[in-house]
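Enquirer: Dropping a prediction and its sequence here:
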Amino acid sequence: MYKKIFISTLLLSILFPTANSWAKPPKRKSGGTLLSKMSFGPQIGGSLSRLSISDNISFKEVSFEKKGSVTTGSILWFTAGVTGEFYFLPQLGVGVDLLYGRTGAYLFLGALAGKAKQESVIVPVVVTYCTEPQGNGIKLSLGLQPSFALSTTYYTLTGGKDEELTEEELEEDDVPKQLKLRSFDLALIGGLAYRFTNGLEIGTHFSYGLLDRRDLEAEHDSEDAEKITSHSMSNQLYVGYNVAKLFK
């Protein structure tokens, strides 16, 4: 009698864990620790691009923070591209965007009225802090933004006030030196955004150029370079989505 009970108990102890393991569904494979620290996806938005022009000679004896400047008219255009982030700490990471955008400005220099626009590749590189792990919640970012112009088009403006404003595209040889812009720019960029738990992100960026935007060629620059500096400024609103969320 006792022998039968012992053998039955031994068999149950062997078979029960096996049966229990069969009853449990197989665990889904994790996306891996590397993927869990990443976020990436598309981004689209709009931007206002302009120039801040300062007359250094007129304000020669004035401290930097009190110097005056004039902001030119703005170019409104869309931006689109992809963005990626890597979080080396739960709430701290680095981000890189690859965007297409249009930069430039309306320019009114004395009797000269014109416009310059550049089709550009924009590559913000930022350090990001978020209030929740892995880029969720409120996000603050700060970094550098290089941009590379693929093409530059210049226009003269006529009319205005009581007349319709018209634009006429200029040939490269006819572009006044005051309108010419560099093909490369480097700006300081800061941002504020919010990412929802479903992966949707809404945010804004502001950038200010660190380099003089004018194309300072030797044949027309020796004196002008000391008188006027021109720096890019831009505001951007965007919407993005974290595609990496689907693979985690």
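Expert: Perfect, I can see it now.
Enquirer: For my notes, confirm V127 occurs in a helix.
Expert: No - read with DSSP: H, G, I helix; E, B strand; the rest coil, V127 is strand and lies in no helix.
Enquirer: Spit out the contact partners of the one residue sitting closest to the centre of the chain.
Expert: In the chain, the residue lying closest to the centroid (CA atoms, centre = their mean) is P124, at 4.6 Å. Going by CB atoms under 8 Å, 6 or more residues apart in numbering, P124 touches 95-97, 99, 143-145, 189, 205, 207. Placement of C-beta: from N, CA and C, glycine included.
Enquirer: Counting neighbours, which of those residues end up buried?
Expert: 95, 97, 99, 143, 145, 189, 205, 207 (16 or more other CB atoms under 10 Å).
Enquirer: wait, isn't the last one in contact with A187?
Expert: Yes - the pair formed by S207 and A187 meets the contact definition of CB atoms under 8 Å, at 4.1 Å.
Enquirer: which neighbours do the two share?
Expert: By CB under 8 Å, 6+ apart, the residues touching both S207 and A187 are 145, 232, 234.
Enquirer: Kindly state the beta-bridge partners for the last one.
Expert: When you say that, I think you mean S234. On the basis of DSSP bridges, S234 is bridged to S49, S207.
Enquirer: Which of the shared contacts of S207 and A187 sits closest to S151?
Expert: The closest of the shared contacts of S207 and A187 to S151 turns out to be S232 (CB to CB; 16.8 Å).
Enquirer: In which helix or strand does that closest one reside?
Expert: Using DSSP states H and E, S232 maps to strand 228-241.
Enquirer: and that strand, what does it pack onto?
Expert: Applying 3 or more CB pairs under 8 Å, 6 or more residues apart in numbering; DSSP states H and E, we find strand 228-241 packed against strand 38-55, strand 75-89, strand 184-195, strand 200-209.
Enquirer: how about a markdown table for those strands, with mean pLDDT added?
Expert: A markdown table is the format used below for the helices and strands packed on strand 228-241 (pLDDT from 0 to 100):
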| stretch | mean pLDDT |
| --- | --- |
| strand 38-55 | 90 |
| strand 75-89 | 93 |
| strand 184-195 | 97 |
| strand 200-209 | 96 |
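Enquirer: How much space separates the closest residue to G135 other than its chain neighbours from K139?
Expert: Spatial nearest neighbour of G135, chain neighbours left out: S39 (4.9 Å); criterion: CB to CB, 6 or more residues apart in numbering. Remark: distance between S39 and K139 (CB to CB, to the nearest Å) = 10 Å.
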